[in-house]
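> sequence? don't have it. structure:
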């Protein structure tokens, strides 16, 4: 056994032991831990920002893209947001022990379907250090222990945040090993996690680029809750309010280009393309590269031609694909061909068209007259998210504390023996 295998095995064993304590911890104790974590994040702001500055310097020297640097960067407001997210999680209803359904059979047996923690949750993620707090906080709220492996580019930031989280756990009387951070950048650590850490991991969640998610789905020996790329679309329907559409497209693309809820492709109805696209170019063209299909290029001569590869790429940058479509059915067909099942939106004043879109697009999140940047657990009222699940089993969309639980049946009798 190598030193790495021994170290990773110990992390798994510690998490498994902590999960037994967390599973039975009271709601008050878990909420006290979350509140203490938030207090520690605020108290350690200077340490966290110093660690992040070192990460940013190293990342810049490696030539990371502007979008990746934005995902990595912390400032006072973002640190405050991390602490607020923990407070918001603490304020949520307790998912542990919630009785989803009760019924009594003719033989007098009483059945309760009760929410319970999953156990030990492993997470592999890239770039964004706030995920360390979001994931740790959601796991504690839902009574789960966790093993977290962030990207090497954010190692110092993650370590500083993790120290604050563990201090909060200790203050609340919970095991500090309830939240475990892999403190090596050795990529072999990921392989150990995918093998399940000696059967201590109950589920693994990848959150990052297509390559990371594909590797986890292919190699994992434990269940996977995948967070796939956001090949998101915003469709401006022929009956859209033009002013609203311009505001929403600008926000959906440029508010933060490096988040998974960013719109990558604009679909615009051919009946309004001639009037809408020049307005859009005038509003965002200086800050965003526009790449259009043949019909969009005719309306906006000189823009970059869009290829099939563009429409299948999560740019995570100030690049917007544009396709002119022949109405709602054509827009739906485009999304079905290129979309990733993440987040898609329609902008229209036609209620019937909006409902058709909401019913027809098979994505985890579909919106009407709203920015795709609302693909965020905090905006859904979940306090935070551990990812956006795009599959169809267990959870879909923003994964919050409730979605990190499973259930069991508690059955009460009065001496019934089955005949």
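Received it, and whenever you're ready, just let me know what you need. Note that the coordinates shown come from a computational prediction; the quantities given were computed from them, not determined experimentally.
> So which residues of the stretch 251-400 of the chain form strands?
Per DSSP state E, counting those that start in this stretch, the stretch 251-400 of the chain carries strands over the ranges 263-269, 289-292, 304-305, 319-325, 343-347, 365-368, 388-389, 397-398.
> Just the helices from the stretch 151-300 of the chain, written as ranges.
155-171, 188-194, 210-219, 242-254, 270-284, 294-299 (DSSP state H, counting those that start in this stretch).
> ignore the last one, the stretch 301-419 of the chain
So, for the stretch 301-419 of the chain - with DSSP H, counting those that start in this stretch - the helices run 308-311, 328-338, 351-360.
> Please identify the deepest-packed of the ones you listed.
Most buried of those by mean neighbour count (mean count of other C-beta atoms under 10 Å) is helix 328-338; its value is a mean of 18. For glycine as for every other residue, the C-beta is placed from the backbone atoms N, C-alpha and C.
> How about the contacts made by the closest residue to residue 177 other than its chain neighbours?
Distances taken as C-beta to C-beta, 6 or more residues apart in numbering place residue 14 nearest to residue 177, at 3.9 Å, with adjacent residues excluded. Contact analysis of residue 14 by C-beta atoms under 8 Å, 6 or more residues apart in numbering lists 175, 177, 180.
> ok, now residue 259?
The contact partners of residue 259, taken as C-beta under 8 Å, 6+ apart, are 71, 230, 316, 373, 376.
> ok, now how distant is it from residue 68?
With distances taken as C-beta to C-beta, to the nearest Å, residue 259 is found 12 Å from residue 68.
> anything in contact with each of these two?
Contacts common to residue 259 and residue 68, judged by C-beta under 8 Å, 6+ apart, are residue 316.
> Residues contacting the helix or strand residue 50 falls within, please?
Of the helices and strands defined by DSSP states H and E, residue 50 is found in helix 45-61. Applying C-beta under 8 Å, 6+ apart, the contact partners of helix 45-61 are 41, 68-69, 72-76, 79, 129, 153-157, 159-161, 163-164.
> on that earlier part again, which one of the helices of the stretch 151-300 of the chain lies nearest to residue 412?
Checking the helices of the stretch 151-300 of the chain against residue 412 by C-beta to C-beta gives helix 155-171 as the closest, at 34.1 Å.
> Now stretch 37-45: buried residues?
Residues of stretch 37-45 classed as buried: 37, 38, 39, 40, 41, 42, 44, 45 (neighbour count, 16 or more other C-beta atoms under 10 Å).
> Could you tell me which of these belong to helices?
Members of the buried residues of stretch 37-45 lying in helices (criterion: DSSP state H): 37, 38, 39, 40, 41, 42, 45.
> among those, which two are most distant?
Among those, the pair separated by the greatest distance (C-beta to C-beta) is 37 and 45, at 13.5 Å.
> What average pLDDT does the helix holding residue 50 get?
What helix 45-61 shows for mean pLDDT is 97.
> coming back round to it: and the pLDDT at the residue nearest to residue 177?
98.
> Quick check: it vs residue 183, distance?
Distance from residue 14 to residue 183, by C-beta to C-beta: 13 Å.
> Okay, and the beta partners of residue 409?
residue 113 (DSSP bridges).
> for it, what are its contacts?
If a contact means C-beta under 8 Å, 6+ apart, then residue 409 has 111, 112, 113, 114 as its contacts.
> out of those, which are buried?
residue 114.
> any idea how far residue 406 is from residue 393?
Distance of residue 393 to residue 406, given as C-beta to C-beta: 12 Å.
> More neighbours: which of those two?
Legend: neighbour count by other C-beta atoms under 10 Å for residue 393 and residue 406, higher for residue 406 (14 against 9).
> Fine by me, thanks again.
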